[in-house]
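Visitor: mind folding the following:
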Amino acid sequence: MRSLFPVTDLTTTAAAPDPSGLLTDREWSLDELADAYAYPATGDPWLRANMVSTLDGAAQHDGRSQGISCAADMRIFGTLRGLADVVIAGAETVRLEGYRPARAREAFAGRRAAAGQGPAPAVAVVSGSLDLDFSLPLFTEPLVPTLVVTGAGAPADRIAAARKAGAEVVIAGEGARVDPARAVRELADRRLRRQLTEGGPRLLGQFVAAGVLDELCLTLSPMLTAGDAQRIAGGPGVTVPERFALASLLEEDGFLFGRYRRADAR
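Guide: Presented below is the predicted three-dimensional model:
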């Protein structure tokens, strides 16, 4: 893996000196990746998204992201989870991708302990209907209790079923739908400030439309799929496109790993 746009100096080019020592064609260690993708030192919540897209804009192949991913993408995926307080995912993504509880990883244990974090991030499932299978390991076997984020108008019997399964119910909306901005605040109020959303596209689109996404980690896969697969973000568009700034760019085997932050990010 090599850095095309080093994280330590955003004005440095690949041909210029690299004081970080990361500008090499080798596999980066997990510690190096964790340093490169560290959350900003702020007391405010920080919502980061991690998505993958093909050259022609597909976020999935055959309904899943695995077919357009690679080993380096999965290492970054694991690193981002290793840094997060909470992983946020929509109910459909949880079903399609077969979500399981986040696991504790020795490589990040010291870093998490120093930051006052638990052994693994919590998983927060966003669902207005709570049409979820609460007998799955995600709810019955987590290291950290799984959260379900829903609206006040969610079916009472499904809220009761979630709580019976051991999930923490987070109300983040007045009706049946979840308010994305309120979801961010409610999770932060539970000391889950370092937030990572893995989509899917519908949920990411809601975060984008609400103006609460701070950072996008985007893997550009050197593949073409054609077809009618979803983009990384779906749903209603924004009135005025929001500008993001490139923070770093890595490359391995033709895959590009970009990290973009809102131009006005705090």
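Visitor: show me the strands in the stretch 1-150 of the chain, by range?
Guide: 2-5, 46-54, 86-90, 122-126, 147-150 (DSSP state E, counting those that start in this stretch).
Visitor: avg pLDDT for the last one?
Guide: Across strand 147-150, pLDDT averages out at 96.
Visitor: okay, buried residues for stretch 177-189 please.
Guide: For stretch 177-189, a neighbour-count test (16 or more other CB atoms under 10 Å) marks 177-180, 182-184, 186-188 as buried. (C-beta placed from N, C-alpha, C; glycine too.)
Visitor: what do you get for stretch 164-181?
Guide: 165, 167, 170-173, 177-180.
Visitor: okay, how far is it across it, tip to tip?
Guide: One end of stretch 164-181 sits 27 Å from the other (CA to CA, to the nearest Å).
Visitor: ok, stretch 217-233 next?
Guide: End-to-end distance of stretch 217-233 (CA to CA): 13 Å.
Visitor: got it, and stretch 221-241?
Guide: Termini of stretch 221-241 sit 24 Å apart (CA to CA).
Visitor: same question for stretch 165-183.
Guide: Across stretch 165-183, first to last residue, CA to CA, it's 21 Å.
Visitor: quick one: contacts of it?
Guide: 88, 124, 126-129, 134-135, 139-140, 142, 145-154, 159, 162-163, 185-187, 190, 206-207, 209-212 (CB atoms under 8 Å, 6 or more residues apart in numbering).
Visitor: kindly recompute the last result at 6 Å.
Guide: With CB atoms under 6 Å, 6 or more residues apart in numbering as the contact definition, stretch 165-183 has outside contacts at 126, 128, 134, 139, 145-149, 151-153, 159, 162-163, 186, 206-207, 210, 212.
Visitor: with stretch 188-197 instead?
Guide: 39, 45, 47-49, 80, 84-88.
Visitor: residues contacting residue 210?
Guide: 180-181.
Visitor: distance of it from residue 201?
Guide: Taking CB to CB, to the nearest Å as the criterion, residue 210 is separated from residue 201 by 15 Å.
Visitor: show me the shaky parts of the stretch 1-150 of the chain.
Guide: Along the stretch 1-150 of the chain, segments meeting pLDDT under 70 span 3-26.
Visitor: what about 80?
Guide: By pLDDT under 80, the weakly predicted segments of the stretch 1-150 of the chain are 1-27, 60, 62-66.
Visitor: what about the helices in it?
Guide: Here the stretch 1-150 of the chain has its helices, by DSSP state H, counting those that start in this stretch, at 30-36, 71-83, 91-97, 106-114, 137-140.
Visitor: ok, which of the ones you listed comes nearest residue 239?
Guide: Minimum separation from residue 239 across those (CB to CB) falls at helix 91-97, 26.2 Å.
Visitor: just to revisit the earlier point, now the contacts of stretch 188-197 as TSV including distance to residue 255 and neighbour count?
Guide: Formatted as TSV, the contacts of stretch 188-197 follow (distance: CB to CB, whole Å; neighbours: other CB atoms under 10 Å):
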residue	distance to residue 255	neighbour count
39	23	18
45	29	19
47	24	25
48	19	22
49	17	24
80	15	22
84	22	27
85	27	25
86	26	24
87	22	23
88	24	30
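Visitor: relative to residue 28, which of those is nearest.
Guide: When the contacts of stretch 188-197 are compared for distance to residue 28 (CB to CB), residue 80 comes out closest, at 13.8 Å.
Visitor: so that closest one is in contact with residue 49, correct?
Guide: No - using CB atoms under 6 Å, residue 80 is not in contact with residue 49, being 9.6 Å away.
Visitor: which of the strands of the stretch 1-150 of the chain sits most buried?
Guide: By mean neighbour count, with neighbours taken as mean count of other CB atoms under 10 Å, strand 147-150 ranks first of the strands of the stretch 1-150 of the chain at a mean of 27.
Visitor: who does that one pair up with?
Guide: strand 122-126 (parallel), strand 168-171 (parallel) (DSSP bridges).
Visitor: immediately after the shortest one, which helix or strand?
Guide: What it means is strand 168-171. helix 180-189 (DSSP states H and E).
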